[in-house]
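**Q** generate coordinates for the sequence data below:
(one chain, ligands or ions: 1)
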Amino acid sequence: MGTIYSISRIGTFGGCRLRYKYQYVDHLKADKETIEAFMGSRTHEALEELYGFVKNGVIKPRDWLLARYDDLWDKNLTPAVKVVRSDYTEDDYRRKGRKCLDDYHDEYAPFDQAKVVATEKEISFKLKDGQDEISFRGIIDRLDWDDKEKIYEIHDYKTSGSLPTQEDADGNDQLGLYHLAVRSLWPDADRVKLIWHYLLFNKRIESSRTPEKLAELEKAMILKVKEIEACTHYPSTKSALCDWCGFQDICPEWKHPEAMKKLPENEYLKDEGVVLVARYAELEEKKKDLKNEIEGLEAEEAKVEEAAFAFAKKNGVRVIDGPGFQLTVSEKEETCAPMKKEDEAKWTALRDLLIREGKYTEVSTVNNYMLNSRLPGWGKAFYDKIKAFLITRITKSVYLKKK
Ligand code: SF4
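**A** Sure thing, here's the model as predicted:
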C-alpha cells in the first residue's frame, strides 16, 4: 500500500470508478473547473488570508475581505471555468461567494473565539490496523486551539448548497480522519472539536469523535483502500455528478454528445453517429405508429368476432361463408381452476386444500396448467374432493380458412 490516499480520492472511487481511473490511475488532468469549485476555492483563499492576518494580531475589516475576494476572482477566472446550471451566471456565483464572506465576517469579527494554529495546513498521516498501514494526506482549512477549553478545533469551510443534518456530520469521514491526523501530530489530542462552516447558510455545525469511533473509522478506511487496490475493473457510473466531472470529453458516456455540441449544424447532420441515431429514431417512430394501428385493427376485429358469434347463434351455424374465405366459430366449455383475479375466495380455498392434501409441492401454484397436467394422475377420488372449487369457463374462438 505505497500510494498516498485522500478523502476525495476515496470518495471519487465510490462515486465513479472510471473517473477514479482517469484521475488517479492514468493521472489525467480534468479539462475544466466548475464554477461551484471555483467559488469555493476563492472563498477559501480569502479566508486563509484573513486568518493569516488574525494569527499575527491584525484584524482586517469586511471591505478588505470582500475586495480580496474580488481580486482573487478576477485574477483566476478563465474560460475553462464552467457554469453547469444554465439559469445562473458567473456573476451570480461571485455574489453568492461575497455574501458568504460578508455574513462570516459579521458573525466572527474580531475572530478571537480561539487561537489560530494554522490555515490550509497540509497534513500527512498513517492509518494502521494490525499489519496494514496506509498513508493519508489532507488539508485542514483551519486549525485552532481553544485556550479556555484546552481543545483543538478543526474548521472546514463549505460552500455547498445543501446543509447536512447533525447525523450526517456525526458520520462524516473527512473531519474524523483529520482528528486522527491531529492526534498523530499531538498525541494528547484525544478531544478535538470538529467544526463545519456552511457559509451559504451562515451556519456552524459541530461534532466530535470518541476514541472508539476513531478506531472504527481507521479500520473502515483501510478496508476501503484494500477494495480500491484490488480493483481491476473501472466501469462508468453515470449520475447527476457527471455535470461536475472534468472528464466528459473522454468518458464513453459523454464523449460523443460533448463532441457533437461543438459542431456546426451542417457537419453535425453528416456525422456517422448522428445519422445512425436519426435513422434508428425514425424506425422506432414508425414501429410505434404501426403498433397503434395494429391495436386499432385488433379492437375492430374483436367486435367482428362478437358479431360473428351472434350471427352463428341466431342462424344455428358454425361455419360462415364469405368471399374467398370461411369463418369457423366455436365455443368450448371447460372445467378449470379459478384464476386468483376472477374468484380469489375459491382460488385460496383450492390452494389451502392442495396444501392440506400434500399436493401443493407438485404444482407450486393454482392454475389451469396445474389442473390439466396433474389431475389425471391424482384420480377420480381426489377430483371429487376439489370439484367444488373448480369453475366452468366458456372459451370462444374463430378460425379463418381459405376456401
Ligand atoms: S462523466 Fe460521469 S460517468 Fe464519465 S467519468 Fe465522469 S463521473 Fe464517471
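**Q** so the residue nearest to residue 4 when sequence neighbours are not counted, which state does it fall into?
**A** Spatially, and ignoring its direct neighbours in sequence, residue 4 is nearest to residue 135 (4.6 Å; CB to CB, 6 or more residues apart in numbering). The way it works is simple: take the backbone N, C-alpha and C, and place the C-beta from them, glycine included. Three-state assignment for residue 135 (DSSP: H, G, I helix; E, B strand; the rest coil): strand.
**Q** leaving out chain neighbours, which residue sits closest to residue 142?
**A** Once chain neighbours are set aside, the closest to residue 142 by CB to CB, 6+ apart is residue 155, at 4.0 Å.
**Q** which SSE is the one you found in?
**A** In this assignment (DSSP states H and E), residue 155 forms part of strand 151-158.
**Q** report how many residues lie close to the residue lying closest to residue 311 once chain neighbours are set aside.
**A** Nearest residue to residue 311 in three dimensions, chain neighbours excluded: residue 320, at 6.5 Å (CB to CB, 6+ apart). Residue 320 is flanked by 15 other residues according to other CB atoms under 10 Å.
**Q** residue 330 is in contact with residue 320, correct?
**A** No - in terms of CB atoms under 8 Å, residue 320 does not count as a neighbour of residue 330; the distance is 11.9 Å.
**Q** coming back round to it: so what's the residue nearest to residue 311 up against?
**A** Counting by CB atoms under 8 Å, 6 or more residues apart in numbering, residue 320 makes contact with 308, 311, 312, 326, 327, 328, 329.
**Q** with residue 338 instead?
**A** For residue 338, the residues meeting the contact criterion (CB under 8 Å, 6+ apart) are 346, 347, 350, 366, 389, 390, 391.
**Q** buried subset of the contacts of residue 320 as a ChimeraX selection?
**A** Applying 16 or more other CB atoms under 10 Å to the contacts of residue 320 leaves a buried subset, and the ChimeraX line that selects it is:
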select :308,312,327,329
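**Q** so which of the contacts of residue 320 belong to strands?
**A** Among the contacts of residue 320, the ones falling in strands (DSSP state E) are 326, 327, 328, 329.
**Q** pretty sure the last one contacts residue 312?
**A** What that stands for is residue 329. Yes - in this structure, residue 329 is within contact of residue 312 by CB under 8 Å, at 4.7 Å.
**Q** got any residues that touch both of these two?
**A** Both residue 329 and residue 312 are contacted by 318, 320, under the criterion CB under 8 Å, 6+ apart.
**Q** show residues contacting the least confident helix or strand in the chain by mean pLDDT.
**A** Ranked by mean pLDDT, DSSP states H and E, the weakest helix or strand in the chain is helix 368-386, scoring a mean of 80. Contacts of helix 368-386 with the rest of the structure, by CB under 8 Å, 6+ apart, involve 335, 336, 337, 350, 353, 354, 357, 359, 362, 363, 390.
**Q** tell me the centre residue of this protein?
**A** residue 239 (5.8 Å; CA atoms, centre = their mean).
**Q** ranges for the strands of the stretch 251-400 of the chain?
**A** For the stretch 251-400 of the chain, the strands identified by DSSP state E, counting those that start in this stretch occupy 319-321, 325-336, 391-402, in order along the chain.
**Q** adding mean pLDDT and distance to residue 126, write those out as JSON lines.
**A** What follows is the strands of the stretch 251-400 of the chain, written out as JSON lines (pLDDT from 0 to 100; distance: least, CB to CB, whole Å):
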{"stretch": "strand 319-321", "mean pLDDT": "97", "distance to residue 126": "90"}
{"stretch": "strand 325-336", "mean pLDDT": "90", "distance to residue 126": "73"}
{"stretch": "strand 391-402", "mean pLDDT": "91", "distance to residue 126": "74"}
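**Q** make JSON lines out of these and add distance to residue 200.
**A** Supplementary listing: the strands of the stretch 251-400 of the chain in JSON lines, determined by distance: least, CB to CB, whole Å:
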{"stretch": "strand 319-321", "distance to residue 200": "78"}
{"stretch": "strand 325-336", "distance to residue 200": "66"}
{"stretch": "strand 391-402", "distance to residue 200": "66"}
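**Q** what residue in the stretch 51-200 of the chain comes nearest to the ligand?
**A** Nearest residue of the stretch 51-200 of the chain to the ligand, counting by CB to the nearest ligand atom: residue 84, 12.1 Å away.
**Q** what is the burial count for the closest residue to that residue other than its chain neighbours?
**A** Once its chain neighbours are removed from consideration, residue 84 has its nearest residue in residue 243; the separation is 4.5 Å (CB to CB, 6+ apart). As a burial measure, the neighbour count of residue 243 was computed by other CB under 10 Å and equals 12.
**Q** now the strands of the stretch 251-400 of the chain as CSV including distance to the ligand?
**A** Conversion of the strands of the stretch 251-400 of the chain to CSV gives the following (distance: least, CB to the nearest ligand atom, whole Å):
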stretch, distance to the ligand
strand 319-321, 62
strand 325-336, 52
strand 391-402, 53
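**Q** show me the shaky parts of the stretch 1-150 of the chain.
**A** Applying pLDDT under 70 to the predicted model, the residue ranges of the stretch 1-150 of the chain that meet it are 1.
**Q** in it, which spans are strands?
**A** Listed from the start of the chain, the stretch 1-150 of the chain has strands (DSSP E, counting those that start in this stretch) covering 4-5, 33-34, 81-82, 115-129, 132-146.
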